[in-house]
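Asks: need coordinates for the below:
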Amino acid sequence: MKIHVLSVLFLGVLFTSCLTGGKPDDFDYGHIEDGKYVNSFFKFEITLPDGWVVQSQEQMDNLTEKGTELAFGENKFKKAVVKASLINTANLLQAFQYELGTPVDFNPNISIVAENISNTPGIKTGGDYLFHLRKMLKESLLDVEHVDENFEKETIGGRTDFYKMKVTINYLQKANQIVYATISNGFSLCIVITSNDEVQQQMLKTINTIKFH
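Replies: Numbering: from 1, shown residues only. All right, here's what the predicted structure looks like:
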């Protein structure tokens, strides 16, 4: 299976801080409503493609664990840092085009992840956050064919403060990933699409359904 490789990319990014801010009492993991993912804490919604399969919290945590093993192998220190970072990190959404295990060559997916950055005041923009994410990618065992050195600004759902990073990873086959990052309510908010060339345009249309309130 190629799908769990990229689920780890946002965990334990901030190796510069071992302090944890946790999640506030009013934090919302979001819910699915009429084909949309809705989150009251970050005040946005996104319309998911028809028929896509949304993962439960348990399934997302399981994918994260497998991805950590793949990305860091026997490096016990980095795996421990990733585990500790889960106090700060929230997997908000992961949806796949097909059910896991379906006999297809590629299973496109979209993920949304938030991380508490209150103890890292130097991270002021989504671009700053992507800088640390890129560093982690380069230090991992993943076969990263390409990662952007410069991050373009992007407007999503009326917000003009997103930054974009493109990544290409080889794991049995090539997967393209676009990471959109911004800062909201003391958290980084990352929206990620993982695709191949055939479905990337369709998934970009999904990003355009995001609305911030």
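Asks: ok, then the element right after the helix or strand bottoming out on mean pLDDT in the chain?
Replies: Ranked by mean pLDDT, DSSP states H and E, the weakest helix or strand in the chain is helix 76-85, scoring a mean of 45. Counting by DSSP states H and E, the element after helix 76-85 in chain order, helix or strand, is strand 89-96.
Asks: what pairs with the helix or strand following that following strand, parallel or antiparallel?
Replies: Next along the chain after strand 89-96, taking DSSP H and E as the criterion, comes strand 109-116. Strand 109-116 has the following sheet partners, assigned by DSSP bridges: strand 89-96 (antiparallel), strand 187-195 (antiparallel).
Asks: going by mean pLDDT, which of those comes out lowest?
Replies: Lowest mean pLDDT of the strands paired with strand 109-116: strand 89-96, a mean of 88.
Asks: can you list the buried residues in the strand or helix carrying residue 177?
Replies: Assigned by DSSP H and E, residue 177 belongs to strand 173-184. Buried residues in strand 173-184, defined by neighbour count with 16 or more other C-beta atoms under 10 Å: 175-184. All C-beta spots, glycine's among them, are computed from the backbone N, C-alpha and C.
Asks: angle of it against strand 187-195?
Replies: 160 degrees (axes from the mean of the first three to the mean of the last three C-alpha atoms, to 10 degrees).
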